[in-house]
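Visitor: turn this into a model:
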Amino acid sequence: MGAAGLAALALGACGVSYADPAGPSDSAAASAASSSASPTSSASPSPSDVVSPDAGVYKDCVGVLDIKPTSVTWSCGNPAATVTDIRWTSWGQLSATATGTLTAKGGATSTAAIELSDPTGSDHHYSTLTVTPKKGKPQIHKLT
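Guide: The predicted structure follows:
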């Protein structure tokens, strides 16, 4: 087994999942392999980057699982059903919270708070998305 295969195996054992079903690229695997071989590295992930192996996941409208996505949607093909530029403040087993940019009908944008909650299924994907525009009421969307 090559370095890329060993790195992918090691990362998989740590509970890392990929939105790309092919897994990490060769360069990402090589980077992971070289960084794990360097015991003198003192870099540690920031607390906001650490995700528990039993944390929930986001499942997009075509079924791809992701952890801490940079955008979420609740209606495929509808640009007015999207939050982009997401900055996660928490990501846990029962819920995840963030802020991002909500695109409204007509293309207007505003800051919004978002919460993913109610994990379900064997993959523990969040089933509820609550979007609260800066000037507006919470909008609750069921995710499938």
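Visitor: surely residue 117 is in a strand?
Guide: Yes. Remark: residue 117 belongs to a strand, assigned using DSSP: H, G, I helix; E, B strand; the rest coil.
Visitor: who's in contact with the closest residue to it other than its chain neighbours?
Guide: Counting by Cβ to Cβ, 6 or more residues apart in numbering, residue 117 lies nearest to residue 95, which is 4.2 Å off, once chain neighbours are set aside. C-betas here are computed from N, CA, C, even on glycine. Contact analysis of residue 95 by Cβ atoms under 8 Å, 6 or more residues apart in numbering lists 56, 115, 116, 117, 126.
Visitor: what helix or strand does residue 114 sit in?
Guide: Taking DSSP states H and E as the definition, one finds residue 114 inside strand 109-120.
Visitor: what packs against that strand?
Guide: On a contact count with 3 or more Cβ pairs under 8 Å, 6 or more residues apart in numbering; DSSP states H and E, strand 109-120 meets strand 82-91, strand 95-103, strand 125-133.
Visitor: so can I have JSON lines of these showing distance to residue 62 and mean pLDDT?
Guide: Formatted as JSON lines, these follow (distance: least, Cβ to Cβ, whole Å; pLDDT from 0 to 100):
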{"stretch": "strand 82-91", "distance to residue 62": "14", "mean pLDDT": "95"}
{"stretch": "strand 95-103", "distance to residue 62": "19", "mean pLDDT": "95"}
{"stretch": "strand 125-133", "distance to residue 62": "13", "mean pLDDT": "94"}
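Visitor: which among these is found nearest to residue 66?
Guide: strand 125-133 (9.5 Å; Cβ to Cβ).
Visitor: following the closest one, which helix or strand comes up?
Guide: strand 139-142.
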